[in-house]
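Participant: Fold the following and give me the result.
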Amino acid sequence: MSVAQDPGLRQAIEAVTALPPGWTPVSEHTARGLWRLPRAADAVAHVLRDGGPGGRDRGWTMVRARVTEEAASGRDWTREAAGWLARGGADWQESARVTGDLAWRSRAQGHSALVFLTDTHVAAADPGEPYGRALWHCFLTTLRYDFRCTAIEEFFALTGYAGTAASGGPAPAGPADAAGPADGADGAGQTDTAGLDPYSTAMRAFALLGRSRTTGLALLAEVVARAGHDEKVVHALLHGLWLGEDLPDQPRRMLDLLRAPAFADGPGAEALFRKASALRRLRRFDEALAAVQCAIDGLDPREVVVHADCVRERSLILAERDLRPDTPHPRT
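Facilitator: Numbering: from 1, shown residues only. Prediction:
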């Protein structure tokens, strides 16, 4: 039966396509209500398949709303998310956006993806297919939010994507490779991620950078060349640079990343928070204060964790400024 011959399906499709664009409190609240329509699931599948870019955007809003309710109930939201991403034929960018937001919220509510996923299970999934890629994204993003850089490196070693770049493809890594190279040793064979999507590769770069491995810098450059237009990718790389210690030109590299195409319309609150940190490390305290204040002013009121991070960063800036009386700054 066609859509025209099915009034219930047609009504549900019209309701979904009328959602406000983007993932906002208004669209989320509306989407939750639309799932009560009898043909909601079929309507979401339809707009993901035939709705064009605008329809897909609203379809993913519906998916996020559904999976968020699954997570709030304590059920395994990761496979629900992966199932919908597979059903909608999500590309890697759509997968990164949807899973990133869901992983953050579910973790904050005590329903971390790590409750439902193990490294061996995720490693067995195919990251070249939407379902497997979604599981990789859920798992790796949550490890990133937990700052579990070693666990990310061990996962890549388990999957064989930490092998020798010179071999022309991924090679299984031995137990000695699982923890990464020893401190001070960079080992040219520690960054190969051939065949992975840019977001998954960015998770590998995050782990290397977060552990202050200079091999992560080469991988960072590779990922930026492939996907410097994608905000989720660049945020992951910024996060790694922010977390690492004493990497060459670290604060300058952070500021360079903030000029990536992903931020062509200006950095958001989280990126401004990273900018403030970089400026503080360069002892440009007044600029750092201005950046962190812009971040605070631009935060969604629900982002209480990032707000707390910004307040701590502001305190660090003020403390370091006051400890360096040789640095000129205005007093009010």
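
Participant: all contacts plus neighbour counts: C-alpha atoms, from now on.
Facilitator: OK.

Participant: got a list of what R148 touches?
Facilitator: A207 (CA atoms under 8 Å, 6 or more residues apart in numbering).

Participant: Which pLDDT does the model give it?
Facilitator: What the model reports as pLDDT for R148 is 98.

Participant: Over to it: give its phi and psi.
Facilitator: When read as degrees, to the nearest 10, the backbone of R148 gives phi -90, psi 70.

Participant: List the buried residues for stretch 106-114?
Facilitator: Neighbour counts over stretch 106-114 (16 or more other CA atoms under 10 Å) mark 106-107, 111-114 as buried.

Participant: before we move on, what about stretch 146-155?
Facilitator: 147, 149-155.

Participant: Keep only those of those that are in helices.
Facilitator: 149-155 (DSSP state H).

Participant: Go through these and name the one nearest A207.
Facilitator: C149 (4.4 Å; CA to CA).

Participant: From E94, how far out is the nearest residue to the closest one once chain neighbours are set aside?
Facilitator: Nearest residue to C149, sequence neighbours excluded (CA to CA, 6 or more residues apart in numbering): A207, at 4.4 Å. Separation of A207 from E94 (CA to CA, to the nearest Å): 22 Å.

Participant: Those two: who's more crowded?
Facilitator: A207 (31 against 18; other CA atoms under 10 Å).

Participant: wait, what's in contact with that one?
Facilitator: 144, 148-150, 152-153, 216, 240.

Participant: quick check, nearest of those residues to A308?
Facilitator: The closest of those, once distances to A308 are taken by CA to CA, is R144, at 18.6 Å.

Participant: Could you measure from that closest one over to L114?
Facilitator: From R144 to L114 the distance is 11 Å (CA to CA).

Participant: How about H235?
Facilitator: Taken as CA to CA, the span from H235 to L114 is 21 Å.

Participant: F156 too?
Facilitator: In terms of CA to CA, F156 sits 16 Å off from L114.

Participant: ditto for R49
Facilitator: R49 is 30 Å from L114, by CA to CA.

Participant: Quickly find the element holding V223.
Facilitator: Assigned by DSSP states H and E, V223 belongs to helix 215-227.

Participant: from the chain's centre, how far out does that helix sit?
Facilitator: Distance, stretch centre to chain centre, for helix 215-227: 16 Å (CA atoms, centre = their mean, to the nearest Å).

Participant: May I see the buried residues of that helix?
Facilitator: Buried-residue list, helix 215-227, by 16+ other CA under 10 Å: 215-217, 219-220, 222-224, 227.

Participant: just stretch 45-60 next, same as before
Facilitator: 45-49, 51, 55-60.

Participant: So which of those residues is the closest to D265?
Facilitator: Taking the buried residues of stretch 45-60 together and measuring to D265 by CA to CA, the closest member is D57, at 19.3 Å.

Participant: Outside of the helix or strand encompassing that closest one itself, list whatever touches it.
Facilitator: For D57, the host element (DSSP H and E) is helix 52-72. Helix 52-72 is contacted from outside by 16-17, 19-23, 27-29, 31-32, 35, 44-45, 47-49, 76-77, 80-81, 84, 98, 102, 105-106, 109, 111, using CA under 8 Å, 6+ apart.

Participant: Of these, grab the buried ones for PyMOL.
Facilitator: Selecting only the buried entries of those in PyMOL, with 16+ other CA under 10 Å as the criterion:
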select buried, resi 16+17+19+20+23+27+28+31+32+35+44+45+47+48+49+76+77+80+81+84+98+102+105+106+111
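
Participant: So which of the contacts of helix 52-72 belong to helices?
Facilitator: 16-17, 27-29, 31-32, 44-45, 47-49, 77, 80-81, 84, 98, 102, 105-106.

Participant: where are the low-confidence patches of the stretch 151-300 of the chain?
Facilitator: 162-194 (pLDDT under 70).

Participant: Would you map the strands across it?
Facilitator: Per DSSP state E, counting those that start in this stretch, the stretch 151-300 of the chain carries no strands over any range.

Participant: So which residues of it form helices?
Facilitator: Secondary structure of the stretch 151-300 of the chain (DSSP state H, counting those that start in this stretch): helices at 175-178, 198-210, 215-227, 231-243, 250-257, 269-281, 285-298.

Participant: Take these and lay them out in TSV including distance to D126.
Facilitator: What follows is the helices of the stretch 151-300 of the chain, written out as TSV (distance: least, CA to CA, whole Å):
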stretch	distance to D126
helix 175-178	20
helix 198-210	12
helix 215-227	20
helix 231-243	20
helix 250-257	30
helix 269-281	31
helix 285-298	38
